[in-house]
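Enquirer: here's a sequence, model it:
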Amino acid sequence: DGYKGQSALHWDKKHEKLFFRKRGGKLSLLDLKKKKAEAMPFEAEMEVDHRAERQQIFDDAWRALRDGFYDPQFHGQDWDSLRAKYEPWCLAASTSQDFRDLFNEMLGQLDASHMGMYGPDPEETQKHQTGLLGIAGVPEEDGFRIERVLPESPADRTESRLREGELLTAVNGQPISPSTNLYALLKGKAEERTLLEVTDAAGESREVVIRPASSLRSELYEAWVDERKDLCEQYSGGRLGYIHIQGMNWPSFERFERELTASGQGKEGIVIDVRYNGGGWTTDMLMTVLNVRQHAYTIPRGAAGNLKQEHPQFRNHYPFGERLPLSAWTKPSIALCNQNSYSNAEIFSHAYKTLGHGTLVGQPTFGAVISTGSHSLLDGSRVRMPFRAWYVKATGENMEHGPAVPDILVENPPGSKGRGEDLQLRRAVETLLQQLDEE
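Expert: Numbering: from 1, shown residues only. Below you'll find the predicted structure:
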């Protein structure tokens with residue numbers, strides 16, 4: 001694994017040493033006798049005509065999009081006229097970042113998704129990461145009262161556990177007053193051993209050594225999903241399961257397959273949620289799971305004493321698990337999407353609705369669906385290449401600027417999360433239960 005990403009391999013004259021370039025352009029030497037690779041530091045100078053370089057980059061990127069952009073009519077814009085307008089501004093830019101910003105202004109005139117010119121920023125900026133404990137609460141006279149502890153966060157670990165109701169009184173010896181900004185005391189403490197002073201509900205004080213996290217994104221996501229599962233269980237009286245698909249990628253798909261058993265086992269139906277899903281490529285895998293139709297039923301030896309008389313009892317039996325390459329869901333379902341469902345999550349929403357899998361609930365998706373790639377440029381930057389259009393077969397509608405519109409429109413008003421509510425999920429549950437009861 002230590003030699004992944006190497007390129008430009010060359011032997012020395014005796015074929016005893018191998019020169020190669022590692023990822024990032026670093027040169028290395030592998031001595032076959034010692035079986036050890038060594039870095040080869042080097043220095044080089046190069047004169048760059050930045051104006052000429054930017055001219056070449058502009059020409060290359062403009063031509064690539066001229067020949068590759070998915071819509072030959074460029075969403076009604078004149079690509080040549082846009083060049084005439086923006087090229088002088090781009091070439092007058094004093095920095096690479098300004099050049100890319102102006103080029104992106106030109107791309108913005110196409111009003112298309114999956115676009116942009118990206119590259120490295122050479123400036124070094126000082127970054128201060130605030131340590132995150134995984135707690136929420138309110139300031140009090142003598143400290144910070146903990147009202148919630150985020151599962152799996154630093155505050156939820158055995159060696160640094162904090163509990164709801166406890167009072168956090170100091171951080172690294174600095175006392176907490178009602179005017180103290182707790183986050184200011186945790187500035188630069190991410191992943192650093194930090195000493196907390198805590199008073200429990202009985203008034204007993206103790207010291208806790210904790211390593212604040214630099215991010216709690218995964219923990220917050222898992223807590224949100226667990227809350228949706230609890231709400232679905234509550235709203236449905238235990239009749240329905242719930243699955244959220246975080247992204248249209250392989251890890252999320254494998255989790256979806258596992259959740260079909262974990263959340264769907266013994267349930268009458270399931271809620272499939274693609275709200276806040278940023279997209280990817282796995283809609284067809286998901287459709288494969290949902291498109292399964294039973295074409296036969298099977299009866300193993302020992303299940304029936306008289307096949308001729310008893311076989312109708314087994315009409316719903318089929319060994320999907322041993323015969324299909326992927327999991328299968330053949331019970332009723334309902335799907336949730338919203339304005340933060342993007343790209344492949346929108347394709348899923350369109351497909352779910354138009355293929356008749358069930359009712360789509362929530363808010364219209366964003367309306368940003370184009371297959372995209374990337375075109376590399378001279379200085380290591382790149383420009384995205386939206387190259388393939390997507391149309392809904394049932395309606396002929398372009399999914400770019402054509403959001404998937406739910407059958408039932410429901411908004412989650414501001415404050416609903418704080419109140420522990422999810423009106424979109426509640427409506428989806430109520431709708432599916434009604435459909436089940438009417439069967």
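
Enquirer: point out where the protein drops to low pLDDT.
Expert: Applying pLDDT under 70 to the chain flags the ranges 1-5, 24, 126.

Enquirer: let's check: the centremost residue of it is which one?
Expert: residue 247 (4.6 Å; C-alpha atoms, centre = their mean).

Enquirer: need the contact list for that residue.
Expert: 277-280 (C-beta atoms under 8 Å, 6 or more residues apart in numbering). Every C-beta, even on glycine, is put in place using the N, C-alpha and C of the backbone.

Enquirer: ok, the residues you listed vs residue 332, which is closest?
Expert: residue 277 (21.5 Å; C-beta to C-beta).

Enquirer: quick check: the residue nearest to the closest one when sequence neighbours are not counted vs residue 338, distance?
Expert: Leaving aside its chain neighbours, residue 277 sits nearest to residue 345 (3.7 Å; criterion: C-beta to C-beta, 6 or more residues apart in numbering). Per C-beta to C-beta, to the nearest Å, residue 345 is found 10 Å from residue 338.

Enquirer: mutual contacts of the two, please.
Expert: Common neighbours of residue 345 and residue 338 are listed as residue 365 (criterion: C-beta under 8 Å, 6+ apart).

Enquirer: for those two, indicate the residue with more neighbours.
Expert: Counted by other C-beta atoms under 10 Å, residue 345 and residue 338 do not tie: residue 345 has more neighbours, with 28 against 23.

Enquirer: what packs against the strand or helix carrying that one?
Expert: Using DSSP states H and E, residue 345 maps to helix 344-354. Contacts defined by 3 or more C-beta pairs under 8 Å, 6 or more residues apart in numbering; DSSP states H and E place helix 344-354 against helix 283-290, strand 333-337, strand 360-362.

Enquirer: okay if I get those as CSV plus distance to residue 127?
Expert: Shown next, in CSV, are the helices and strands packed on helix 344-354 (distance: least, C-beta to C-beta, whole Å):
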stretch, distance to residue 127
helix 283-290, 37
strand 333-337, 35
strand 360-362, 37
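
Enquirer: show me what counts as buried in the helix holding residue 345.
Expert: Neighbour-count burial for helix 344-354 flags 344-353 (criterion: 16 or more other C-beta atoms under 10 Å).

Enquirer: same deal with stretch 94-107?
Expert: Neighbour counts over stretch 94-107 (16+ other C-beta under 10 Å) mark 96, 99-100, 102-104, 106-107 as buried.

Enquirer: how far out from the middle of the chain is that stretch?
Expert: Computed by C-alpha atoms, centre = their mean, to the nearest Å, the separation of stretch 94-107 from the middle of its chain amounts to 27 Å.

Enquirer: once you drop chain neighbours, what's closest to residue 364?
Expert: Using C-beta to C-beta, 6+ apart, the closest residue to residue 364 is residue 403 (4.0 Å).

Enquirer: assumed the one you found was part of a helix.
Expert: No - counting by DSSP: H, G, I helix; E, B strand; the rest coil, residue 403 is not found in a helix; it is coil.

Enquirer: for residue 342, see how far away it is.
Expert: As for residue 403, its distance to residue 342 is 10 Å (criterion: C-beta to C-beta).

Enquirer: list residues touching both of the two?
Expert: Shared contacts of residue 403 and residue 342 (C-beta under 8 Å, 6+ apart): 365-366.

Enquirer: list the buried ones in stretch 242-252?
Expert: Using 16+ other C-beta under 10 Å as the test for burial, stretch 242-252 gives 242-249, 252.

Enquirer: which ones among those residues map onto strands?
Expert: 242-244 (DSSP state E).
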